[in-house]
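Engineer: I would like the atomic coordinates for the input below:
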Amino acid sequence: MRRIVSVWLIDWPVTVWANGAGRVSPPEPPVGTHEGPPFALIGRTSRGAVIHALNAAARAAGLSRGQTQADARAILPALECRPADPDADERALRALAVWAERWSPSVTVDASPDGLEGLFMDVTGAAHLFGGETGLLEQVERRMGQAGVRARAAIAPTPGAAWAVARHGPAARAARVVADAALRDVLSGLPVEALRIDAATLKQARRFGLYRIGDLYPMPRAGLARRFREVDGAGLVRRLDQALGLAAEAMEPTRPPPRYRAWEAYAEPLGDTGGVEGRAPGLMADLAAALEKDGQGARALTLTGFRTDGQTRGLSIRLGTPGRDAGIWMRLFRERGFERIDLGFGIDALMLSADMTEPMTARQISTEDEAAARHAESLAALIDRLSARLGEASIQVAEPGGSWLPERAERWRPALGARRAPALADGWDRRARPLLMLDPPEPIEVVAELPDRPPAQFTWRRVARRVTRADGPERLSPEWWRTPADSAGPLERRPRTRDYYRIEDDQGLRYWLFREGLYGREYAGSAEERAPSWWMHGMFP
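Structural biologist: Okay, the predicted model is just below:
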């Protein structure tokens, strides 16, 4: 069976509030003690102000979650209260889940009915990396404590069993390691509430004299569900079967676990950028070997640093073509800048993950194509380096668009994520287009013979120009499926036919202009009609 670690984050909302910027919280006592002033976070429900979370001292005074603030103050007038922030608790828990990936690539937020106060980690086959299962629990609790988080962990074959032992099991850490063969015996002595059932079901179970999980073992499942039909009997049976491994329980990781990753932990935290940069090549070599074994290449990589204060910082790069050359990866990370990783008080673990991979296959090229292949590789390497240094959005390439109109004939995309689109039609690349395009086109005044002759003279930007040579027209029909809202700029009207001309004036300058609208077909001279107009769209070198 699997090996699942459940981490109980004791009084997690109180911990989040205490670690907030500029806050000074009551000192939290060790687990199981009741020292320090009583403290509670208050939430708003349909019943009014109720206790959302509280510390050990408040619980020792007889307070509990869900109790109204008025009743709590009546019992304990000295209770210190602050407003709860469940959204902040959830954000902080998800950030902690990412940090916990140092122990497992699959970390799930524990969505128990008591609130956001735990994590599940699938450590199947990985406990030996941390000194065994007992050593893993010791490291989890110790590192959580150093990060300011009070936690207790347990490991078992099922999430339900690990959850029960972490919260209701023995204090000795070694006793919180549950073997497959001892699962039923360990669970039998735990209270029924360890099955993660709601308050109404728990109350009904105590009415029937069922106080331990072992009391449920002899009862038939169908009869048990019928006996609890007034509450969530089916949920009780499901939770029991999940804890015993008789029913599956899905765990959705906070982040999809990477298929390929290289991980390394350090006894002493890395406090400078040089230490991170010095250890990165080893991780890259390990990851490249794993990719080569499966015939894969990386398109995106992330270097994640796990800080001692319970936070993570990452640095990502992307490649235009899949690759597994550790030397190229190192150059790209240097271009990106290792100094961008905020080390905080130190990083004691690094992880390099391949976020996007593609198959890499060998290609046979002829000697005639060798120069072109080398040019393509050099261009791809240049794009990778410039994108890493300047940012992906700064390096763009043009891709063909699904339109004949010049302003929509191409789209600009980041070079790393671009995919070559199929050509629109044969001969498109051979059509003469100006090097400089105006966006949007600018209106001009033209003297031309009607109906379809090129201009003899035109005025643009208050300067009159006499035409000496003209070539055209190149007629582009309107896109009838587009509405006026699909257009932009001064041409935001009903689409009409365009006649483009290549023009040269008496000074040898060449232009690209067009007439929008046709005489006779799209304009008959009526007052309500819009007459054809002329526009400057670009200049040739």
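Engineer: quick one: average pLDDT of the helix or strand hosting D71?
Structural biologist: With elements delineated by DSSP states H and E, D71 resides in helix 69-75, which encompasses its position. Here the mean pLDDT over helix 69-75 is 90, rounded to a whole number.
Engineer: What of stretch 227-236?
Structural biologist: pLDDT averaged over stretch 227-236 equals 81, rounded to a whole number.
Engineer: Same question for stretch 452-472.
Structural biologist: Summarised as a single mean, pLDDT over stretch 452-472 is 91.
Engineer: Show me which residues of it are buried.
Structural biologist: Neighbour counts over stretch 452-472 (16 or more other CB atoms under 10 Å) mark P454, P455, F458, W460, R465, V467, A470, G472 as buried. C-beta coordinates here come from the backbone N, C-alpha and C atoms, glycine included.
Engineer: The second one and R176: what is the separation?
Structural biologist: Distance of P455 to R176, given as CB to CB, to the nearest Å: 88 Å.
Engineer: I'd like to know which of the buried residues of stretch 452-472 are part of helices.
Structural biologist: Judged by DSSP state H, the buried residues of stretch 452-472 include no members of helices.
Engineer: quick one, strands of the stretch 251-400 of the chain?
Structural biologist: In the stretch 251-400 of the chain, the strands defined using DSSP state E, counting those that start in this stretch lie at 260-270, 296-307, 312-323, 347-359, 396-400.
Engineer: could you check the angle strand 312-323 makes with the last one?
Structural biologist: Orientation check (axes from the mean of the first three to the mean of the last three CA atoms, to 10 degrees): strand 396-400 against strand 312-323 gives 50 degrees.
Engineer: which parts of strand 396-400 are buried?
Structural biologist: Of the residues in strand 396-400, Q396, V397 count as buried by neighbour count, 16+ other CB under 10 Å.
Engineer: Show me the contact partners of stretch 448-455.
Structural biologist: Applying CB atoms under 8 Å, 6 or more residues apart in numbering, the set of residues contacting stretch 448-455 from outside is 446-447, 456, 467, 470-473, 499, 501, 503, 513, 515, 518-520, 534.
Engineer: Could I get the buried residue list for stretch 525-534?
Structural biologist: Buried residues in stretch 525-534, counted by 16+ other CB under 10 Å: P532, S533, W534.
Engineer: From these, which land in helices?
Structural biologist: In helices, defined here by DSSP H, there are no members of the buried residues of stretch 525-534.
Engineer: how does this structure divide into domains?
Structural biologist: Using automatic domain parsing, the domains assigned to the chain come out as 4-34+87-185, 261-362, 432-540.
Engineer: could those domains be laid out in TSV, adding distance to R212?
Structural biologist: What follows is these, written out as TSV (distance: least, CB to CB, whole Å):
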stretch	distance to R212
domain 4-34+87-185	11
domain 261-362	36
domain 432-540	69
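Engineer: follow-up on the earlier one: run through who's touching the helix holding D71.
Structural biologist: Under CB under 8 Å, 6+ apart, the answer for helix 69-75 is A40, I42, G48, A49, V50, I51, A58, A61, G62, L63, L79, C81.
Engineer: hmm, try it at 6 Å
Structural biologist: Applying CB atoms under 6 Å, 6 or more residues apart in numbering, the set of residues contacting helix 69-75 from outside is I42, A49, I51, G62, L63, L79.
Engineer: Looking at these, which is nearest M121?
Structural biologist: Looking at the contacts of helix 69-75 and their distance to M121, the nearest is I51, at 29.2 Å (CB to CB).
Engineer: Kindly indicate whether the closest one is helix, strand or coil.
Structural biologist: Secondary structure for I51, judged by DSSP: H, G, I helix; E, B strand; the rest coil, is strand.
Engineer: so it sits right up against P38, yeah?
Structural biologist: No. Under the contact definition of CB atoms under 6 Å, I51 does not touch P38, with a separation of 10.9 Å.
Engineer: Three-state assignment for E445, please.
Structural biologist: When the structure is reduced to helix, strand and coil (three-state DSSP), E445 reads as strand.
Engineer: number of nearby residues for it?
Structural biologist: 13 (other CB atoms under 10 Å).
Engineer: got the buried residues of stretch 525-534 as CSV, with distance to L436 and pLDDT columns?
Structural biologist: Output for the buried residues of stretch 525-534, formatted as CSV (distance: CB to CB, whole Å; pLDDT from 0 to 100):
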residue, distance to L436, pLDDT
P532, 25, 89
S533, 21, 91
W534, 18, 93
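Engineer: Out of the residues you listed, which sit inside strands?
Structural biologist: Among those, the members falling in strands (DSSP state E) are S533, W534.
Engineer: Quickly name whichever of the buried residues of stretch 525-534 is closest to A95.
Structural biologist: Distance to A95, by CB to CB, is smallest for S533 among these, at 57.7 Å.
Engineer: Tell me the bridge partners for that closest one.
Structural biologist: Each beta-bridge partner of S533 is listed here: E516, as defined by DSSP bridges.
Engineer: That one and L518 touch, don't they?
Structural biologist: No. Counting by CB under 6 Å, L518 is not a contact partner of S533; they are 11.8 Å apart.
Engineer: hang on, the earlier thing: dump the buried residues of stretch 452-472 to a markdown table, plus distance to D355.
Structural biologist: What follows is the buried residues of stretch 452-472, written out as a markdown table (distance: CB to CB, whole Å):
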| residue | distance to D355 |
| --- | --- |
| P454 | 55 |
| P455 | 55 |
| F458 | 54 |
| W460 | 51 |
| R465 | 55 |
| V467 | 57 |
| A470 | 55 |
| G472 | 50 |
